[in-house]
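> Sequence below, structure please.
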Amino acid sequence: MPVQKLPYAQFVESFKLAPRIAIDLWIKNEVGGVLFTKRDKDPYVGMWHVPGSFLLLNETVAESIKRIAKEEVNVNLACEQFKLLQLDEDLQEPRGHVIHLVYLVRVVKSQVKESEKQKFYFEPPQPMIPTHRKIFLEIT
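Predicted structure coming up:
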């Protein structure tokens, strides 16, 4: 069965039915910087976060990681380039209960084009999504 995103209204409604699984990418370059992107949509518009998205129906975690890397930072990943770093449960997310699976992804800095909305940092940038700040402080 093909993988597809829910229409927006159904996506928002799904948070009322069950926890959602977020796949977050802890993208680290060869000098230890962590990639953050600036959100351009609600919730948390204008805040920094690690690239991520929600696991889709019929999508494996590996497929989700590759999709997120391609869609959010335009990087093609091989299967062996990631490993699970942390699980975090967020009950304060405005949309509802979210379970974050944070995966370490190692890249060479030249694989990722930095911009005003996408940069490698050694310290948490501000303003930052609270859950991602918590994760950053726990991992580093």
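> In this structure, what residue spans correspond to strands?
With DSSP state E, the ranges of strands along the chain come out as 20-28, 34-38, 48-49, 52-54, 82-90, 98-106, 118-121.
> any idea how far residue 92 is from the closest residue to residue 117 other than its chain neighbours?
The spatially closest residue to residue 117, leaving aside those adjacent along the chain, is residue 38, at 4.4 Å (CB to CB, 6 or more residues apart in numbering). For glycine as for every other residue, the C-beta is placed from the backbone atoms N, C-alpha and C. Using CB to CB, to the nearest Å, one gets 21 Å for the distance from residue 38 to residue 92.
> between the two, who's got more neighbours?
More neighbours surround residue 38 than the other of residue 38 and residue 92, with 18 against 9 (other CB atoms under 10 Å).
> can you pull the contacts of that one?
By CB atoms under 8 Å, 6 or more residues apart in numbering, the contact set of residue 38 is 46-49, 116-118.
> Counting neighbours, what do you get for residue 93?
Using other CB under 10 Å, residue 93 is surrounded by 19 other residues.
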